[in-house]
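[1] sequence below, structure please.
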Amino acid sequence: TLRKALKGRPALNLDITGSYDAAADLDAVRDQTLTKQVRFRRWEELRKENPNTPPASEIVVTPEDEIRIIGLFMAERYPAGVPAPTVDGTLPPPAPLYRSMTPAAPAKQPVRLVSRRSGRVFDSRVYTTPAKPKVEPVKPVAIVLATGDAAATAATPGAAPALTLADARRALASGIPVLPEDLLKLADARAQRVRDALLANGEIDAGRLFLTPPAPEGKGTRVFLQLR
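    Next up, the predicted model:
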């Protein structure tokens, strides 16, 4: 095996190059980004209650929190209401993030004053801090875990049809832009996992394993290994 070859020949080094497939990896990158957005929103909520909240990467997002936050995202990103699914059963991508706000109060106009001594007229600029826009509370879209739960909710008189968590996540993720840099990061992460696995038992010197830049065009969802 590769590990045995490296152990048996200490002079050998290994280049590790990650790669990606733009079509196959697109959904995975979007879903990972959505998961980070959910975690960050939960962190923001906790941060308001406790300024000493640990970093977002360290907090625990419960399934209940995820469902609630995904429901909030759906309400925020489909402000006119969740549209009907398309022919293939998916929802159209969401509109840009929007929250309705009341207009800010206009700033006061300068007051013209006259000096009693000189009779000169000048403007007294009265600056006021603009009122902060009032954000209206957003009512979450109903989200359920399973398709059967969604059907049961829809059958309830007067109840709006609920979306499954998977459908809601898929709809939200479809509107997340993916840059070439995101795919390159995914390729790097693949290479890093292989390197970590080779170093796991401590038998190979880390200085012999080199991460090389991935090819910009991508060569599939794989990792290339080159002994030298």
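
[2] can you check which helix is longest in the protein?
    Across the chain, the helix with the greatest residue count (assigned by DSSP state H) is helix 22-49.

[3] for the chain, which element, helix or strand, carries the lowest mean pLDDT?
    Least confident helix or strand of the chain, by mean pLDDT, DSSP states H and E, is helix 147-155 with a mean of 47.

[4] quick one: average pLDDT of the next helix or strand after that helix?
    Next helix or strand after helix 147-155 toward the C-terminus (DSSP states H and E): strand 163-164. For strand 163-164, the mean per-residue pLDDT is 84.

[5] what lines up beside strand 163-164 in the sheet?
    Pairing partners of strand 163-164, with direction, according to DSSP bridges: strand 143-144 (parallel).

[6] that older thread, in the longest helix of the chain, what counts as buried?
    25-26, 28-30, 32-34, 37-43 (16 or more other CB atoms under 10 Å). C-beta here means a position set from N, CA and C on the backbone, and glycine is covered the same way.

[7] who are the packing partners of that helix?
    The contact analysis (3 or more CB pairs under 8 Å, 6 or more residues apart in numbering; DSSP states H and E) places helix 22-49 against helix 63-77, helix 165-174, helix 180-199.

[8] residue 210 is nearest to which of those?
    Of all these, helix 180-199 sits nearest to residue 210, with 8.7 Å by CB to CB.

[9] and residue 176, what does it touch?
    30, 33, 34 (CB atoms under 8 Å, 6 or more residues apart in numbering).

[10] chain neighbours aside, what residue packs nearest to the last one?
    Which is residue 34. Distances taken as CB to CB, 6 or more residues apart in numbering put residue 173 closest to residue 34, at 4.8 Å, once the chain neighbours are dropped.

[11] for burial, what's the neighbour tally of the one you found?
    Neighbourhood size, residue 173 [other CB atoms under 10 Å]: 22.

[12] give the contact list for it.
    Taking CB under 8 Å, 6+ apart as the contact definition, residue 173 lies against 27, 30, 31, 33, 34.

[13] also residue 143?
    So residue 143 contacts 67, 68, 70, 71, 74, 162, 163, 164, 165, 168 (CB under 8 Å, 6+ apart).

[14] using PDB, write out every CA atom in stretch 46-55.
    What follows is stretch 46-55, C-alpha atoms only, in PDB (Å, rounded to 0.1, in the frame of the first residue of the first chain):
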ATOM      1  CA  LEU A  46     -27.300  33.300  21.300                       C
ATOM      2  CA  ARG A  47     -24.900  36.300  21.100                       C
ATOM      3  CA  LYS A  48     -27.800  38.700  21.800                       C
ATOM      4  CA  GLU A  49     -28.500  36.800  25.000                       C
ATOM      5  CA  ASN A  50     -24.900  36.300  26.000                       C
ATOM      6  CA  PRO A  51     -22.000  38.400  24.600                       C
ATOM      7  CA  ASN A  52     -19.600  35.700  25.800                       C
ATOM      8  CA  THR A  53     -21.100  33.100  23.500                       C
ATOM      9  CA  PRO A  54     -18.400  30.800  22.000                       C
ATOM     10  CA  PRO A  55     -17.600  31.100  18.300                       C
END
